[in-house]
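> Based on what follows, work out the 3D shape:
(2 chains)
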Amino acid sequence: DTGVSQNPRHKITKRGQNVTFRCDPISEHNRLYWYRQTLGQGPEFLTYFQNEAQLEKSRLLSDRFSAERPKGSFSTLEIQRTEQGDSAMYLCAHKVRVSGNTIYFGEGSWLTVV
Amino acid sequence: AQTVTQSQPEMSVQEAETVTLSCTYDTSENNYYLFWYKQPPSRQMILVIRQEAYKQQNATENRFSVNFQKAAKSFSLKISDSQLGDTAMYFCAFMNNAGNMLTFGGGTRLMVKP
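Numbering: from 1, shown residues only, chains lettered A, B, ... in the order given. Take a look at the predicted model:
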């Protein structure tokens, strides 16, 4: 158990629809990250939060993507007007300082855009 | 910007034997963290081992150990007594001291053969 729960685990959507993924860390660790992983590739950084503040965003995060972390607890990642190129695994992670600043990942949310 | 390179896209090893996965990285920082993650077919990203750059001693976790060469910017993973359950993608990852993000290599697909 990595202490990070993600849902839905799988989502199939039609192109042009909006989708939202949710990430729930088991406790309110101050740093929360979103990554994207396509088949055969390593995860790519999208954004991260320190508490409720979104401190950094990758250029991969186009204006169709928005992430929030209200109250510094759970986080959501919304993709508007989905495109087939958005098909990927979306991974949420948190940093556990007591484990030497190690980042632990959730099980991921797999998106298929048809 | 940091980069992480895994030069072996695929490797195989016989059960019970030893295999070493290579990783090199590029950074101008002096303090940082290095990780190996395992991603089995279930797609869960599982932490295997971590190394702090300021520690000269190589990290060890049961059958897994690293050879950390800071000057050469090399961070290889050795798996001893390979087991069938070790079959997975293995990703090397770099985290800067500020902990803003993990940068991943492209991965090595390891197959353990019976």
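
> residue of chain A with the smallest distance to chain B?
Residue nearest to chain B within chain A: A:G42 (3.4 Å; CB to the nearest CB). Every C-beta, even on glycine, is put in place using the N, C-alpha and C of the backbone.

> Contact partners for the residue most central in space within chain B?
Averaging the C-alpha coordinates of chain B gives a centre point, and the residue nearest to it by CA atoms, centre = their mean is B:W36 (3.2 Å). With contact taken as CB atoms under 8 Å, 6 or more residues apart in numbering or on different chains, B:W36 is in contact with B:21, B:23, B:47-50, B:64, B:66, B:75, B:77, B:90-93.

> at 7 Å what do you get?
By CB atoms under 7 Å, 6 or more residues apart in numbering or on different chains, B:W36 lies in contact with B:V48, B:I49, B:L77, B:Y90, B:C92.

> Residues of chain B that sit close to chain A?
Applying CB under 7 Å from any CB of the partner chain, we find that chain B lies next to chain A at B:33, B:43-45, B:47, B:50, B:52, B:91, B:95, B:99-102, B:104-107.

> A:E52 reaches A:E68, doesn't it?
No. The pair formed by A:E52 and A:E68 falls short of the contact definition of CB atoms under 7 Å, at 8.3 Å.

> my read is A:K71 is in a strand, agree?
No. Secondary structure of A:K71, determined by DSSP: H, G, I helix; E, B strand; the rest coil: helix, with no strand assignment.

> residues near the residue of chain A closest to chain B, how many?
With neighbours defined by other CB atoms under 10 Å in any protein chain shown, the count for A:G42 comes to 22.
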